[in-house]
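S.K.: Got a predicted structure here, sequence first:
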Amino acid sequence: MSDKPDKRSTFPLPLSSVTGSKRAGPAFPPAKVATPQTATRNAAGSGVPGGPGGPGDTRSYVPRVVLPPAKPHGDAYQRAQPLPVAAPRPDTGVSDAIRRAMVARVAKQGVQDGVVLKALETVQRHRFIEPALSAQAYVDASLPIGHNQTISRPYIVARMLEVLRNGNALTRVLEIGTGCGYQAAVLSHIAKDVFSVERIRQLHELAKTNLRHLRIVNLRLHYGDGMLGLPQAAPFDGIILAAAGLEVPQALLEQLSVGGRLVAPVGAQVQHLQLITRTGKAEWMSETLEGCHFVPLRPGTV
Ligand code: SAH
């Protein structure tokens, strides 16, 4: 995604621009970072290669909308305008074909794990995004979910899950940073039991609302500080963080079972995915993987 001026006037683009058959521009946007700022730009549609609803596309997509200016973030905004969490996201009729095209792009970017790709194909990402933004749900972009937080790019979700799985079945997984609940839903398809912790109460509530209609029986959401882990449910054979700390909290390392894997973004301005494997009772091995950009991991609850 570029920082060029708004290109909304070029929308809507035909379906073929999403599925790739007649695409004129770049294959898909280059890697984007998950900062609230860029997520807001992603939401505004700059450089987005296409979406549903073009001429000849008769399906019932939500119409493209002219978005209001970026909302202010922070405590004042949270107090003044809590997110509407009462109703589940409507099914906007976004087709399976568009989601398959998203998965094909993720695979082209290097994710090979069929179980992960299948899970990504199954979960309707548009249901986790504000209706006004759902036309962009299948672009490989981070998008704002309120409270200065973002839903991660499909590619990075898939990549982290691939690293976490390492080709093996997962039994008990802990996610730190539920956000809107999208990644937790994907996780529920690749692990036997999933626990997810969120520190912002309103996002915890939003995730509950988003996930309720899916009736996922192997996923439990918790409101709390994920830096402390979830000792009552430990140990986990997989732990995944959706927010970046300067280091991985010790409590999480302790809650990993021997042989278990933890994947986390680590860093501040410059971040990398880190894979930590517990190799013994008091022994962990760490590997640094690719660069990434996530919202910060913060202590406490709000
Ligand atoms: N997986 C999410 C991504 C959410 S963004 C999704 O699919 O939407 C990262 C989330 O991590 C934010 O919601 C943020 O509030 C949360 N977070 C940051 N620090 C945390 C902590 N210590 N404990 C729990 N959640 C935390």
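M.R.: Cool, the structure landed.

S.K.: any idea of the pLDDT on the closest residue to the ligand within the stretch 201-302 of the chain?
M.R.: Across the stretch 201-302 of the chain, no residue is closer to the ligand than Gly226, which sits at 2.9 Å (Cβ to the nearest ligand atom). Heads up, the C-betas are built off the backbone N, CA and C, glycines and all. The per-residue pLDDT reported for Gly226 equals 98.

S.K.: how about it, phi and psi?
M.R.: phi -70, psi -10 (degrees, to the nearest 10).

S.K.: Give the burial count for the nearest residue to it once chain neighbours are set aside, as a bare number.
M.R.: Nearest non-adjacent residue to Gly226, counting by Cβ to Cβ, 6 or more residues apart in numbering: Ile176, 3.4 Å away. Residues within reach of Ile176, counting by other Cβ atoms under 10 Å, total 28.

S.K.: Ile176 pairs with what?
M.R.: Beta-bridge pairing of Ile176 under DSSP bridges involves Val197, Leu241.

S.K.: what's the answer for Trp284, then?
M.R.: Taking DSSP bridges as the rule, Trp284 bridges to Arg278.

S.K.: packing partners for the helix or strand hosting Gln274?
M.R.: Following DSSP states H and E, one finds Gln274 within strand 271-280. On a contact count with 3 or more Cβ pairs under 8 Å, 6 or more residues apart in numbering; DSSP states H and E, strand 271-280 meets helix 154-165, strand 256-267, strand 283-292.

S.K.: Now render the ones you listed as CSV, adding mean pLDDT and mean neighbour count.
M.R.: As requested, the helices and strands packed on strand 271-280 are arranged in CSV below (pLDDT from 0 to 100; neighbours: other Cβ atoms under 10 Å):
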stretch, mean pLDDT, mean neighbour count
helix 154-165, 98, 24
strand 256-267, 98, 21
strand 283-292, 98, 13
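
S.K.: Can you give me the buried ones in stretch 130-143?
M.R.: Glu130, Leu133, Ser134, Ala135, Gln136, Ala137, Tyr138, Val139, Asp140, Ala141, Ser142, Leu143 (16 or more other Cβ atoms under 10 Å).

S.K.: My error: substitute stretch 192-209 in the last question.
M.R.: Neighbour-count burial for stretch 192-209, counted by 16+ other Cβ under 10 Å, picks out 193-200, 203-207, 209.

S.K.: Also near the ligand: which of those, exactly?
M.R.: Checking these against the ligand by Cβ under 6 Å from any ligand atom, the ones in range are Val197, Glu198, Arg199, Ile200, Leu203.

S.K.: Would you convert the buried residues of stretch 130-143 into JSON lines that also reports secondary structure?
M.R.: Shown next, in JSON lines, are the buried residues of stretch 130-143 (DSSP: H, G, I helix; E, B strand; the rest coil):
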{"residue": "Glu130", "secondary structure": "coil"}
{"residue": "Leu133", "secondary structure": "helix"}
{"residue": "Ser134", "secondary structure": "helix"}
{"residue": "Ala135", "secondary structure": "helix"}
{"residue": "Gln136", "secondary structure": "helix"}
{"residue": "Ala137", "secondary structure": "coil"}
{"residue": "Tyr138", "secondary structure": "coil"}
{"residue": "Val139", "secondary structure": "coil"}
{"residue": "Asp140", "secondary structure": "coil"}
{"residue": "Ala141", "secondary structure": "coil"}
{"residue": "Ser142", "secondary structure": "coil"}
{"residue": "Leu143", "secondary structure": "strand"}
